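A.B. asks: Can you look at this prediction? I've put the sequence above it.
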Amino acid sequence: MTNSADDEQFTGLILLSGVDKPGITASLFEVLSAFAIAVVDIEQVVIKNRLILTVLIALNPAHESAIAADLESCATSLDVDIATLFSYEGKSAVSTKAGLVHVVILSTKMNPTAIFELAIGMSEIGANIERITRLASTPVTAIEFVLSGANQEKLSQVLSPIASRNGIDIAVQPGGLQRHARKLVQLDVDSTLIQQEVIELLAAKAGVANEVITITDKAMRGELDFEQSLRARVALLKGLPVSAISEVQQQILLTPGARTLISTLHKLGHTVAVVSGGFIDVIAPLLKELNIKHFKANTLGVENGVLTGEVTGPVIDRAAKAAALHEFAALESISMEQTIAIGDGANDLDMIAAAGLGIAFNAKPAVKAAADSSLSQPYLDSVLYLLGISKEEIESEKI
């Protein structure tokens with residue numbers, strides 16, 4: 001079989017499968033090294049000690065029989081299966097593809113129906129799956145699809161409802177070098193970075209927990225804006241001894257995965273910022289411990305060792321959180337496209353909208369609807385999977 005067209009080349013697809021053991025890849029390429037070939041593509045994966053290795057080579061058609069025979073002998077000696085397919089291919093068919101889109105899905109129980117429906121949705125809009133990678137298997141399963149031939153916005157519109165219907169989280173993001181650029185990740189505090197609401201902890205110390213919850217509920221119903229509700233709740237804390245602040249600091253619990261998220265981002269050269277509608281008086285030691293250099297939060301008024309029931313300085317509301325994202329990005333010389341905002345409440349909506357990637361974390365429905373992605377599992381380090389970082393990489397000493 002001959003073909004002299006300049007835009008085609010003769011290729012061999014090699015598929016090796018079997019029980020994994022050291023030396024298989026080396027033995028395969030030792031066989032191939034005897035021939036004048038070029039490696040065009042390669043992919044290897046191991047699942048439960050089963051190896052699947054695929055290699056695409058470009059070769060002289062005259063060497064097809066010899067290569068096939070040597071690979072058959074190699075399969076016997078390694079006790080693996082090797083299948084081959086030789087054919088002419090257009091060079092464009094095996095070249096690097098541009099405009100790739102990354103889709104990451106997460107769930108504590110990944111069901112096949114969800115993957116089936118997502119795959120159908122991808123194919124219906126002309127997207128082709130180039131690669132599937134498992135990023136994590138516990139406590140959540142995270143799977144990344146790399147797609148070609150897909151429009152990111154259209155893909156998100158089609159896949160997000162499917163993911164929601166199947167109870168899984170999803171993020172659709174562009175590929176390319178920008179995916180690995182330095183980022184600013186900005187976190188809300190209450191019910192995001194930490195598990196509790198700080199003002200409720202203070203209210204319990206002051207014996208006004210029920211009154212504070214009532215005001216919070218009014219704000220949730222839209223009867224009060226954030227600043228009104230904050231000032232009303234803080235007013236109920238008037239006379240609370242300053243010593244209560246240190247007591248509350250001892251009660252604060254980080255959200256599972258928060259420390260891993262922040263330390264990994266720092267090690268990878270990213271910047272982490274914190275904004276809070278709560279109080280710097282309470283969270284300052286925690287920010288120092290986590291090495292957070294950019295932060296904004298409200299300040300409680302204090303006189304003669306007790307709280308005055310007032311907030312001093314500007315109130316950190318939803319507009320202030322978005323402004324902080326712009327400010328911190330500028331300070332770090334990071335474009336807004338490379339910012340990530342993570343929050344759970346209405347006070348986070350503006351920064352989620354302003355960020356390159358807005359993530360709703362265990363959030364209320366309105367916040368989920370406004371965000372680019374949502375996480376419904378209580379593990380904050382799942383954010384790393386959305387960035388394409390695997391659990392093995394996170395746990396590796398190299399990171």
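C.D. replies: That came in fine, so what should we check first? Just so it is clear, the model here is predicted, and its values are computed rather than measured.
A.B. asks: which stretches of the stretch 151-300 of the chain form strands?
C.D. replies: 169-174, 184-187, 271-279, 294-303 (DSSP state E, counting those that start in this stretch).
A.B. asks: And the stretch 1-150 of the chain, by the same measure?
C.D. replies: With strands called from DSSP E, counting those that start in this stretch, the stretch 1-150 of the chain shows them at 8-19, 38-47, 50-58, 81-90, 101-107, 128-136, 141-148.
A.B. asks: relative to strand 271-279, how tilted is the helix or strand where residue 321 lies?
C.D. replies: Secondary structure assignment for residue 321, by DSSP states H and E: helix 318-331. When axes from the mean of the first three to the mean of the last three C-alpha atoms, to 10 degrees is applied, the directions of helix 318-331 and strand 271-279 differ by 160 degrees.
A.B. asks: Give the other helices and strands that helix 318-331 contacts.
C.D. replies: On a contact count with 3 or more C-beta pairs under 8 Å, 6 or more residues apart in numbering; DSSP states H and E, helix 318-331 meets strand 184-187, strand 271-279, strand 294-303, strand 339-343, helix 349-354. Every residue, glycine included, has its C-beta placed from N, CA and C.
A.B. asks: Now tabulate the ones you listed in JSON lines and tack on mean neighbour count, mean pLDDT and distance to residue 12.
C.D. replies: Shown next, in JSON lines, are the helices and strands packed on helix 318-331 (neighbours: other C-beta atoms under 10 Å; pLDDT from 0 to 100; distance: least, C-beta to C-beta, whole Å):
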{"stretch": "strand 184-187", "mean neighbour count": "27", "mean pLDDT": "98", "distance to residue 12": "44"}
{"stretch": "strand 271-279", "mean neighbour count": "24", "mean pLDDT": "97", "distance to residue 12": "47"}
{"stretch": "strand 294-303", "mean neighbour count": "18", "mean pLDDT": "97", "distance to residue 12": "53"}
{"stretch": "strand 339-343", "mean neighbour count": "27", "mean pLDDT": "97", "distance to residue 12": "43"}
{"stretch": "helix 349-354", "mean neighbour count": "22", "mean pLDDT": "96", "distance to residue 12": "49"}
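A.B. asks: got any ranges where the stretch 201-350 of the chain has weak pLDDT?
C.D. replies: Applying pLDDT under 70 to the stretch 201-350 of the chain picks out residues 220-222.
A.B. asks: show me where pLDDT drops low in the stretch 51-200 of the chain?
C.D. replies: 91-98.
A.B. asks: show me what contacts the closest residue to residue 66 other than its chain neighbours?
C.D. replies: The shortest distance from residue 66 to any non-neighbouring residue, by C-beta to C-beta, 6 or more residues apart in numbering, is to residue 35 (7.2 Å). Shown in contact with residue 35 (C-beta atoms under 8 Å, 6 or more residues apart in numbering): 59, 63, 66, 67.
A.B. asks: Could you tell me the model confidence score at residue 35?
C.D. replies: For residue 35, the pLDDT comes out at 95.
A.B. asks: Check the one 3 residues further on too.
C.D. replies: On the pLDDT scale, residue 38 is placed at 93.
A.B. asks: what are the bridge partners for it, then?
C.D. replies: With DSSP bridges as the criterion, residue 38 is bridged to residue 58.
A.B. asks: Just the C-alphas of stretch 118-136, formatted as PDB.
C.D. replies: C-alpha atoms of stretch 118-136 as PDB (Å, rounded to 0.1, in the frame of the first residue of the first chain):
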ATOM      1  CA  LEU A 118     -22.700  14.100  30.000                       C
ATOM      2  CA  ALA A 119     -21.000  12.200  27.200                       C
ATOM      3  CA  ILE A 120     -24.200  12.400  25.100                       C
ATOM      4  CA  GLY A 121     -24.400  16.200  25.800                       C
ATOM      5  CA  MET A 122     -20.800  16.600  24.700                       C
ATOM      6  CA  SER A 123     -21.300  14.700  21.400                       C
ATOM      7  CA  GLU A 124     -24.600  16.500  20.600                       C
ATOM      8  CA  ILE A 125     -22.700  19.900  20.300                       C
ATOM      9  CA  GLY A 126     -19.800  18.400  18.300                       C
ATOM     10  CA  ALA A 127     -17.300  18.100  21.200                       C
ATOM     11  CA  ASN A 128     -14.800  15.200  21.000                       C
ATOM     12  CA  ILE A 129     -13.300  13.700  24.100                       C
ATOM     13  CA  GLU A 130      -9.500  13.700  23.700                       C
ATOM     14  CA  ARG A 131      -8.600  12.500  27.200                       C
ATOM     15  CA  ILE A 132     -10.100  11.400  30.500                       C
ATOM     16  CA  THR A 133      -8.100  11.500  33.700                       C
ATOM     17  CA  ARG A 134      -9.100  10.600  37.200                       C
ATOM     18  CA  LEU A 135      -7.800  13.400  39.500                       C
ATOM     19  CA  ALA A 136      -9.000  12.000  42.900                       C
END
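A.B. asks: From the chain's centre, how far out is that stretch? Work that out for me.
C.D. replies: Put simply, stretch 118-136 sits 17 Å off its chain's centre (C-alpha atoms, centre = their mean, to the nearest Å).
A.B. asks: same thing with stretch 127-138?
C.D. replies: For stretch 127-138, the separation from the chain centroid amounts to 13 Å (computed by C-alpha atoms, centre = their mean).
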